Every structure is written in C-alpha cells, then in structure tokens.
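1. Predicted model follows, preceded by the sequence.
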Amino acid sequence: MHPEQLRLRPTVIAGDRLEDDYQIIWRDLPIGRILQQPGIPYGRPNWSWGVAFPGQPQPPAHRGLCSDLEECKRRVKVVWSGIRPGLTDEDIRQGRDVIAASDTLRKRWAER
C-alpha cells in the first residue's frame, strides 16, 4: 500500500467491532471517521463523515452527512486533498505525539 493512501479500518471500542463504523487511517494515523447513524428518518442522509488531523481544529466544512458510504469516501478524499499538501514534517510529528499521548491516557484509564 502506498504510504499516502487512505484506508478504512473498522472502529473497535472496548473490544467490540462496530457495524458500519470506520476510522480513516493515513500513515497509521487516525484522521477521521465514517459511520452510519441509527435513528435517522428514512430517506434522509444517515452516514456521517469527518476529517481532522490530530491536534488541529476541524472546520465545519470538514464534516457532514451523506446518503451512503461511497459518497462519504468521495467527500473525505476531497477534504483530505486540501489538508495533506499543507502538512509539514513537524505537523506530522506533532500529530503522532498527540495520538501517543491519547493512547497513554487510554491505557491508564483501562487499568483502573
């Protein structure tokens, strides 16, 4: 797999794999999520997507609703194509640090 390629990984929370719920991964960093939202009335967009680089704010235009998974993937790619060129090596290092700190806190919490 090319290092710049985005991939979807099923979301797992407390050991449970969530159905129709995916993390968006780039270079082993979680940069977003796509999930189907239960309880939305029939005929309304019920897939949610969002892209945010770790440690950076997420503008409203970097998230939204769609009618299906494929449309979410298309929108994620468009938003990511605007974010990626502006990321420096330092931004990427800081993003990895944010994820590492979050993982450390999550492990401490799980040990309680």
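-> That came through, no problem.
2. Just the pLDDT for the spatially most central residue of the chain.
-> Per Cα atoms, centre = their mean, the C-alpha nearest to the average position across the chain is that of G32, at 1.2 Å. pLDDT recorded at G32 is 97.
3. swap in V76?
-> We have a pLDDT of 98 for V76.
4. and the residue nearest to the centre of the chain, which of the three is it?
-> Look at G32: counting by DSSP: H, G, I helix; E, B strand; the rest coil, its state is strand.
5. Any regions of the chain where pLDDT drops low?
-> 1 (pLDDT under 70).
6. just so I have it, where are all the helices in this protein?
-> Along the chain, counting by DSSP state H, helices occupy 69-83, 89-110.
7. Pipe those helices into JSON lines and attach distance to R63 per row.
-> Any C-beta I mention is one placed from the backbone N, CA and C, and that applies to glycine too. Below are those laid out as JSON lines (distance: least, Cβ to Cβ, whole Å):
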{"stretch": "helix 69-83", "distance to R63": "9"}
{"stretch": "helix 89-110", "distance to R63": "18"}
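8. need the contact list for D28.
-> Applying Cβ atoms under 8 Å, 6 or more residues apart in numbering to D28 gives no contacts.
9. From R17, how far out is it?
-> Using Cβ to Cβ, to the nearest Å, one obtains 19 Å as the distance from D28 to R17.
10. now G95
-> 25 Å.
11. which of the two has more neighbours?
-> Legend: neighbour count by other Cβ atoms under 10 Å for G95 and R17, higher for G95 (20 against 9).
12. didn't that one look like it was pressed against P54?
-> Yes - taking Cβ atoms under 8 Å as the definition, G95 is a contact partner of P54 at 4.0 Å.
13. quick one on the thing from earlier: hey, what's the residue nearest to the centre of the chain bridged with?
-> Counting by DSSP bridges, G32 forms beta bridges with I24, V51.
14. where's it relative to V98, distance?
-> G32 sits at a distance of 14 Å from V98 (criterion: Cβ to Cβ).
15. distance between the ends of stretch 26-45?
-> Terminal residues of stretch 26-45 are spaced 26 Å apart (Cα to Cα, to the nearest Å).
16. Sweet, I'm off.
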